[in-house]
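Novice: I need the structure of the sequence given here:
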Amino acid sequence: MKIDHPIPIGRSQSQPVGGHPVSPDFLHYRGTAVQALDELSQAQTLGQLLDRAHMMWCGPACEQTMACTFLHYPRVAPPPGTPRAQRSRYNKETADLFPLMGGDEYDPSSVKVHEVDFWPLLRAVAGQVGAGKGLPVDYSDWSKKGDATAAASVRYACRDAIQYMANWSGERYADSPVAVHYTAFAVIVDELCIPPLDLVQGRFRMYGRSAADLAQVMDEQGWGSDGPQVMLALIRQFMLQYAEKVEHASDPGRTRLKAHLNKTPNMWDALIYRTHTANCYGVAIAVGRVLGSGPSSFTWLWDSSICNATSMDLCKHPIEIYGYDYQNATASPRFFHQRRTAYRSIYLDLIDDLVASGAPEALVHYGRSGFLFVQTQERYHERRASRRMPLTPAITTHLHDLFGDTPADSSLERRFHPYKAG
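Specialist: Numbering: from 1, shown residues only. Predicted coordinates for the structure are as follows:
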């Protein structure tokens, strides 16, 4: 299929951005991003895809426990360093002045250790869906914004991706079109229920592009080990998003995932799962490449990613949309107050650690950017209004320049349908 993409203004498709790797080169897999997608596309079931992606990440020695870094984050606090960014004004000493942020105190004892092993939960869902295609929930619209077509959902997701990249990268937002395209894939899976096998096998496309097309550009532009890593992060996001939606559609009031993740005052499990489903980690690497932030530790990338997701949720409280989400990280019939306090406290700890340990300014800004993009992007105000806002002429031009003119093909349109539950 011909890819529908004019060359964006100011940069050729082959011109690299941020030549040095951002992420640590720890993957067991040593091939290119294209080779990784090709191998993953051979999976026939969701369980096989989960196993293949995990093998590329960890290798055969991983015992698939809570020590596994493909599904979990066994955090080790970073050592002190020379700060490269200013400390946030919203911090441990000022947080209790802002009760609208979801809580009225800071708890220094909030734990950052897993209690729940994600592997059995994902295995159960993988067994339930089998090949992960042809389910009634597939390609249903979860945006709660009344999209009438798949093209509308894709177009608005790409608008969001451009705005996110501008909030994270400023005037350099379009320097790396493939980073914007990657971000759009990370956005759309929140809006539509997309079978992960359709992602890796190329059946799902946005503006004519598949995940493999993005991988090819990354390889051509010298992303190196960052390429396979961001692709595996995207596939992980699609798998966890799919598991979440399939379970919710099967029984909106009772899901094993939600029950296990929200059963104790410990927020860490739900917070890590929530960060996975937003793919903040993969996008953090893309943003680091756009801004040339240089090599970053696994802890910096993960802490920044957690803060990105958490700052967004904190800022959803004042505009009263936090409760609109189908899956709520702090939801618990018994421990809501404790979990809400822990959610905010973990953010305050991690954002301080990023600054004190000398993380790149780009990652510190990325971590606290929810304070900016929730206020400035239509996406969040559309959620409150339950309807879309018209695209401005300027946004329409940017969409044309960065993405093209045909958001969805006829196959995607045929499969698109509203999701009614919840």
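
Novice: what sits against Glu191?
Specialist: 141-143, 147, 153, 156-157 (Cβ atoms under 8 Å, 6 or more residues apart in numbering). Every C-beta, even on glycine, is put in place using the N, C-alpha and C of the backbone.

Novice: Out of these, which two sit at the greatest distance?
Specialist: Trp142 and Tyr156 (13.0 Å; Cβ to Cβ).

Novice: picking that back up, looking at the contacts of Glu191, which are in strands?
Specialist: Asp141 (DSSP state E).

Novice: quick check, nearest of the contacts of Glu191 to Val116?
Specialist: Trp142 (23.9 Å).

Novice: Any idea how many residues pack against the closest one?
Specialist: 24 (other Cβ atoms under 10 Å).

Novice: On the pLDDT front, check it for me.
Specialist: At Trp142, the model reports a pLDDT of 94.

Novice: Can you list the helices and strands that the helix or strand containing Arg274 packs against?
Specialist: Assigned by DSSP states H and E, Arg274 falls within helix 268-278. Other elements packing on helix 268-278 under the criterion 3 or more Cβ pairs under 8 Å, 6 or more residues apart in numbering; DSSP states H and E are helix 177-191, helix 226-250, helix 256-261, helix 298-316, helix 336-356.

Novice: Can you select the buried ones among the contacts of Glu191 for me in PyMOL?
Specialist: Applying 16 or more other Cβ atoms under 10 Å to the contacts of Glu191, the buried members can be selected in PyMOL as follows:
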select buried, resi 141+142+143+147+153+156+157
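
Novice: where among the helices and strands packed on helix 268-278 is the average confidence lowest?
Specialist: Of all these, helix 256-261 has the smallest average pLDDT, which comes to a mean of 82.

Novice: That one: how far from the chain's middle?
Specialist: 20 Å (Cα atoms, centre = their mean, to the nearest Å).

Novice: repeat for stretch 24-42
Specialist: For stretch 24-42, the distance to the chain centre is 19 Å (Cα atoms, centre = their mean).

Novice: Kindly report the same for stretch 156-169.
Specialist: 13 Å.

Novice: helices and strands of the chain: which one bottoms out on pLDDT?
Specialist: Using mean pLDDT, DSSP states H and E, helix 256-261 stands out as the lowest-scoring helix or strand of the chain, at a mean of 82.

Novice: now the helices and strands packed on helix 268-278 in JSON lines, with distance to Trp268?
Specialist: As requested, those are exported to JSON lines (distance: least, Cβ to Cβ, whole Å):
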{"stretch": "helix 177-191", "distance to Trp268": "22"}
{"stretch": "helix 226-250", "distance to Trp268": "16"}
{"stretch": "helix 256-261", "distance to Trp268": "10"}
{"stretch": "helix 298-316", "distance to Trp268": "9"}
{"stretch": "helix 336-356", "distance to Trp268": "7"}
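
Novice: buried stuff in the least confident helix or strand of the chain?
Specialist: The neighbour-count check on helix 256-261 (16+ other Cβ under 10 Å) flags 256-258, 260-261 as buried.

Novice: packing partners for it?
Specialist: Using 3+ Cβ pairs under 8 Å, 6+ apart: helix 256-261 touches helix 118-129, helix 226-250, helix 268-278.

Novice: List the contacts of the helix holding Arg274.
Specialist: 71-73, 111-116, 118, 186, 190, 236-237, 240-241, 244, 257, 260-262, 281, 302, 305-306, 308-310, 312-313, 327, 329-330, 339, 343, 346.

Novice: mean confidence for it?
Specialist: 96.

Novice: Check stretch 281-293 too.
Specialist: 97.

Novice: Quick one: distance of it to the chain centre.
Specialist: The answer for stretch 281-293 is 13 Å, by Cα atoms, centre = their mean.

Novice: Over to stretch 120-134?
Specialist: 21 Å.

Novice: Next, the buried residues of that stretch.
Specialist: 121-122, 125-126, 129, 132.

Novice: next one: stretch 69-86
Specialist: 70-73, 75, 78, 84-85.

Novice: Name all residues that make contact with Glu413.
Specialist: Counting by Cβ under 8 Å, 6+ apart, Glu413 has contacts 149-151.

Novice: ok, back up a step: between the buried residues of helix 256-261, which is nearest Glu378?
Specialist: Lys258 (28.5 Å).

Novice: Tally up the residues packed near Phe204, please.
Specialist: 26.

Novice: How about it: what's its closest non-neighbour residue?
Specialist: Excluding the flanking residues, the one nearest Phe204 by Cβ to Cβ, 6 or more residues apart in numbering is Asp198, at 4.2 Å.

Novice: What of Gly367?
Specialist: Gly367 sits nearest to Cys307 (Cβ to Cβ, 6+ apart), 3.2 Å away.

Novice: that older thread, Ala385: which of the helices and strands packed on helix 268-278 is closest?
Specialist: helix 298-316 (14.2 Å).

Novice: all helices of the stretch 51-200 of the chain, in order?
Specialist: For the stretch 51-200 of the chain, the helices defined by DSSP state H, counting those that start in this stretch occupy 118-129, 150-169, 177-191, 196-200.
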